[in-house]
Structures are given as C-alpha cells and as structure tokens.
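A.B. asks: just coords:
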C-alpha cells in the first residue's frame, strides 16, 4: 500500500497534545509519521485533506453484547435492575430468526461510525464469523453463568466444548477469552474452577443496588429473582462485603480483568480496583437507562483506576457508539478533563483489551482512524467531539 498523508484541521494523537492543522502519514496500514502542516521531516506522498474536523484513533467499545442487538426496543428502560433482567430473559426466549441479522447490522454500524475494536461478551459464540469477516478487532468474552454450585463442572465442560469448536473455525482478528457474568450470578465453586484456567477475563461488577444488597445480607430483589428462576434450593452464605471486596476475596481483581459498570463503590472499593490494576469499563447510558445510578468518575480517576468505555447492549443503550457515552459523562461531570474522556473511548479501551497497536496515533500503530467533520475548523477539538453533535466515521485509507 502506497504512502498517504491525511490532513485535518485537528489531529488528536491522544497520548500527546492536539495538533492544529495536523497530518498523519500512513503506509501499509500503519502510521509512519504524525505532525503538523509544514513540520520538517514530513514524509513524501500524496495528501488527502479531510477538511474541517478532528482526526483521531478509532474508538474502542470495551464492553458490549453484540448477540443481544436484536433486543433493541424490546426491553423498557428505567424500570429497575431486576425487572430489566427479567425483560431481557423474556425477550430472548421469544425472539425469532432476526438475531443474526441484527448482529450483522450492529457490526456494520460500529465500523461505519468509527469503532475499530470491541470487547464483546457472548453466551453462544454464534457470530464469530461475522466478526471475523469485519474490519473490527475483537476480544470475545465467553461468559459463564451458573449460580448452582452443582453445575460448576458441567458449565466449565460446556465452555471447553465451545472453545474447542471455535478453534476449528479460526477467525482473523478475533480472540476468545473465558469470562464470568457477575459475583451474584456465578457460584464461588465455578469461580474457583475457572481460576484453574486463568481466571475470568471479564466480569459485571458493582452494577446495581440489588447486587450490593444480596452480597451484603443475602436478601432483597435479587434473592427473590433467584427463587423465581428455580434456585431457591441453593444455600448461600453472603460474604457481608461489597461486590468489589467479594471479588477481591475470590482472586478476581487482576490487571487482565475488564470489570464492567463499577457504579456501587465506596472509597475502599476504588482503592482495591486501583491497586489491582483491573480495568473498569464504564457504561453510563446503560446505567442511566436501567436506573442503577451513575459511576463516580471523578473519584475513580482520582483513585487512579484504569478507565475505558463500553455501551453494554442495545437492550439497555440506544446505540453501540461509545462516543455517546463520553458525551453523557461530559454532561454529568462538566469539570472532567475532556481529553481524559476521549482517551477512555480510545486508548483506555485498547489498553484494557490488550490491543497495543490501537488507541493512539504514533509511528508503528495501526492506521485505524476516525474523523469527525465540522462545518468550520473547531476552536477546541475535544469540545467538538463531546458536543453531542459530532458524528464520527471510519477513515478509509484504501
């Protein structure tokens, strides 16, 4: 692929200051130079001027559920966590043949709107071929879910069968990692068995007040839900701790973990997450829509917790575009550094998923780029991105 230089009124390297009248040279699918118009050392090659707007690395959605894309509009929002879970279960049970088509549509929408990588939580692995045929890089988290301790070994055996079957149909750019749903839906026995395979790589954690209550004293709406689901016979001794402290006691908090949500935290929980090195995927629109609260992002940043952004599924969010989540956080926390929010949507997600060649603009990185056009050159590129009016598109480098 011939060398090409892309120009825009702003270039955001992410791990460096914004570049007015920036330029990014790419060759063979990689970034080879980043600078300003007129800088010495700029490589030769044709210039494609993208015009007024912001050029940046493609977005990374670190926590989504592509296989639930057909549930968009099927589950009412703002009804509470347990009613929402029950609505999702009911909607999945009555869903027809449109799930695969909806998943394909969701993948195309992600690509078109500037997302270049996803952390996708899956219960079936039925869409690996769709991801493999796309331009997205993906970590697919095969999620284990079993509250009854008696099902721990059978659940892990099922996972082994799924992994073996997937290994027989390799998909480029797609990695599969074992994950677990949540501390209030997975038995400690299954967590222990999973630890022998390298621990959970993804986990829903501290998402709702119902989860917090259940782990504190074993009661509340989640306990009632488990009874309705046929788990009333399972004896559970609540740890009497917060979800994060319980996860720590199970050995789940580690740098390789992507923990989603982290809404129900106190100061000690944030310190535990920070010290563990675990990444937290914030999903603010999903949290707002379900009615579980909003993560204290300033406190998480102050504690040094590694942050990235996810959308959760179309069953709880209007789009799979993490820029929409960054916009909501900018509205909720107007004093937050805008650059930090954009970093969460790019480099933060790439780092959480282990994509070392994505998330920033620097020589050697993949030329997986996005562009937000503007009518006039923006005076502040971050303000433009977080205005709620910016629309990203993928940059085709040929």
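C.D. replies: Arrived safely, thanks for sending. Owing to the predicted nature of the structure, the values given are computational and were not obtained by experimental measurement.
A.B. asks: just the helices in the stretch 51-200 of the chain please.
C.D. replies: Taking DSSP state H, counting those that start in this stretch, the helices of the stretch 51-200 of the chain run over residues 81-94, 99-112, 128-132, 152-167, 188-195.
A.B. asks: and the gap between the residue nearest to residue 280 when sequence neighbours are not counted and residue 308?
C.D. replies: Nearest non-adjacent residue to residue 280, counting by CB to CB, 6 or more residues apart in numbering: residue 262, 4.5 Å away. No exception for glycine: its C-beta is placed from N, CA and C like everyone else's. Distance, residue 262 to residue 308, by CB to CB, to the nearest Å: 11 Å.
A.B. asks: what do those two both touch?
C.D. replies: 280, 282 (CB atoms under 8 Å, 6 or more residues apart in numbering).
A.B. asks: Now do the strands in the stretch 1-150 of the chain.
C.D. replies: Applying DSSP state E, counting those that start in this stretch to the stretch 1-150 of the chain gives strands spanning 4-11, 19-27, 30-36, 47-49, 53-57, 59-64, 115-122, 137-144.
A.B. asks: Please identify the pairing partners of the fourth one and their relative orientation?
C.D. replies: I take that to be strand 47-49. When sheet partners are counted by DSSP bridges, strand 47-49 sits next to strand 4-11 (parallel).
A.B. asks: Can you list the buried residues in the strand it pairs with?
C.D. replies: Residues of strand 4-11 classed as buried by neighbour count (16 or more other CB atoms under 10 Å): 4, 5, 6, 7, 8, 9, 10, 11.
A.B. asks: go on, stretch 19-31?
C.D. replies: Buried-residue list, stretch 19-31, by 16+ other CB under 10 Å: 19, 21, 22, 23, 24, 25, 26, 27, 31.
A.B. asks: Present the strands of the stretch 1-150 of the chain as TSV; the columns should include distance to residue 168 and mean pLDDT.
C.D. replies: Shown next, in TSV, are the strands of the stretch 1-150 of the chain (distance: least, CB to CB, whole Å; pLDDT from 0 to 100):
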stretch	distance to residue 168	mean pLDDT
strand 4-11	38	97
strand 19-27	35	97
strand 30-36	31	97
strand 47-49	42	95
strand 53-57	34	98
strand 59-64	25	98
strand 115-122	17	98
strand 137-144	15	97
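A.B. asks: got these as CSV, with distance to residue 163 columns?
C.D. replies: Shown next, in CSV, are the strands of the stretch 1-150 of the chain (distance: least, CB to CB, whole Å):
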stretch, distance to residue 163
strand 4-11, 40
strand 19-27, 35
strand 30-36, 31
strand 47-49, 43
strand 53-57, 31
strand 59-64, 21
strand 115-122, 12
strand 137-144, 7
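A.B. asks: Of all those strands, which one is nearest residue 363?
C.D. replies: Closest approach to residue 363 among those (CB to CB): strand 30-36, 5.7 Å.
A.B. asks: orientation of that closest one relative to strand 4-11 in degrees?
C.D. replies: With axes from the mean of the first three to the mean of the last three CA atoms, to 10 degrees as the basis, strand 30-36 and strand 4-11 are set at 50 degrees to each other.
A.B. asks: which outside residues touch strand 30-36?
C.D. replies: Counting by CB under 8 Å, 6+ apart, 3, 5, 11, 13, 19-26, 41-43, 361-367 sit against strand 30-36.
A.B. asks: Look up the closest residue to residue 209, ignoring the ones flanking it.
C.D. replies: residue 264 (6.3 Å).
A.B. asks: What are the buried residues along stretch 355-362?
C.D. replies: Neighbour count says stretch 355-362 has 355, 358, 359, 360, 361, 362 buried, by 16+ other CB under 10 Å.
A.B. asks: tell me how far it is from the chain's mean position?
C.D. replies: Centroid separation for stretch 355-362 versus its chain: 16 Å, with CA atoms, centre = their mean, to the nearest Å.
A.B. asks: Could you give the average pLDDT over that stretch?
C.D. replies: Mean pLDDT, stretch 355-362: 98.
A.B. asks: Where does pLDDT dip in the stretch 51-200 of the chain?
C.D. replies: 96 (pLDDT under 70).
A.B. asks: quick one on the thing from earlier: how about the buried residues of stretch 19-31 in CSV, adding distance to residue 288?
C.D. replies: Below are those laid out as CSV (distance: CB to CB, whole Å):
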residue, distance to residue 288
19, 34
21, 38
22, 34
23, 39
24, 35
25, 41
26, 38
27, 43
31, 36
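A.B. asks: and the residue nearest the centre of the chain, what does it touch?
C.D. replies: Nearest residue to the geometric centre of the chain (CA atoms, centre = their mean): residue 62, 2.0 Å. Counting by CB under 8 Å, 6+ apart, residue 62 makes contact with 118-119, 258, 279, 281, 308-310, 322, 348-349, 352-353.
A.B. asks: try residue 142
C.D. replies: Residue 142 is in contact with 122, 123, 125, 159, 162, 163, 176, 177, 178, 179, counting by CB under 8 Å, 6+ apart.
A.B. asks: Leaving out the residues flanking it, which one is nearest to the fifth one?
C.D. replies: Spelled out, that is residue 162. Residue 162 sits nearest to residue 125 (CB to CB, 6+ apart), 5.5 Å away.
A.B. asks: What about that neighbour? Give its phi and psi, please.
C.D. replies: phi 60, psi 20 (degrees, to the nearest 10).
A.B. asks: which residues does it contact?
C.D. replies: With CB under 8 Å, 6+ apart, residue 125 has these contacts: 140, 142, 162, 165, 166, 176.
A.B. asks: Show me the two of those residues that sit farthest apart.
C.D. replies: Maximum distance among the contacts of residue 125 (CB to CB): 13.2 Å, for 140 and 165.
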